[in-house]
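# here is my input, please return the structure:
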Amino acid sequence: MAEFKYEIVEEIAVISESSRGWSKELNLISWNERDPKYDLREWSPEHEKMGKGITLSAEELKTLRDALNKLEL
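Next comes the predicted model:
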């Protein structure tokens, strides 16, 4: 498997935390030294391990925000 680098540029929000100590977070992350993107995934307590997640550009995040604002929760 190819190695990759990541840098958490900004920790935006913790969405939830599990009993194992992992947390679902929204962060701004630079992957492989590229421009940062918004990222939603689970992280171990010290951010040394991660689960599967999704990465969104600013425009995609705005579209998601607008769609969520239309929901009646």
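# ranges for the strands of the chain?
With DSSP state E as the criterion, the chain has strands at 6-17, 23-31, 37-43, 50-56.
# same list (these) but as a markdown table, adding mean neighbour count, mean pLDDT and distance to residue 73.
Backbone N, C-alpha and C define where each C-beta goes, glycine included. Listed next are those as a markdown table, based on neighbours: other C-beta atoms under 10 Å; pLDDT from 0 to 100; distance: least, C-beta to C-beta, whole Å:
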| stretch | mean neighbour count | mean pLDDT | distance to residue 73 |
| --- | --- | --- | --- |
| strand 6-17 | 12 | 97 | 14 |
| strand 23-31 | 18 | 98 | 17 |
| strand 37-43 | 19 | 98 | 18 |
| strand 50-56 | 13 | 97 | 20 |
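# distance to residue 62 for the ones you listed - can I get that in CSV?
Converted to CSV, these look like this (distance: least, C-beta to C-beta, whole Å):
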stretch, distance to residue 62
strand 6-17, 14
strand 23-31, 14
strand 37-43, 10
strand 50-56, 9
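# out of those, which gets nearest to residue 63?
With respect to residue 63, and counting by C-beta to C-beta, the nearest of these is strand 50-56 at 8.6 Å.
# tell me what that closest one is packed against?
Judged by 3 or more C-beta pairs under 8 Å, 6 or more residues apart in numbering; DSSP states H and E, the packing partners of strand 50-56 are strand 37-43.
# show residues contacting the strand it packs on.
With contact meaning C-beta atoms under 8 Å, 6 or more residues apart in numbering, strand 37-43 is reached by 12, 15, 18, 22-31, 49-58, 60-61.
# strand partners of it, parallel vs antiparallel please.
Using DSSP bridges, the strands paired with strand 37-43 are strand 23-31 (antiparallel), strand 50-56 (antiparallel).
# and the contacts of the first one?
Right, the one you point to is strand 23-31. With C-beta under 8 Å, 6+ apart as the test, strand 23-31 has contacts from 4-17, 36-43, 45, 55.
# format the strands paired with strand 37-43 as a markdown table; extra columns: distance to residue 71.
Shown next, in a markdown table, are these (distance: least, C-beta to C-beta, whole Å):
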| stretch | distance to residue 71 |
| --- | --- |
| strand 23-31 | 17 |
| strand 50-56 | 18 |
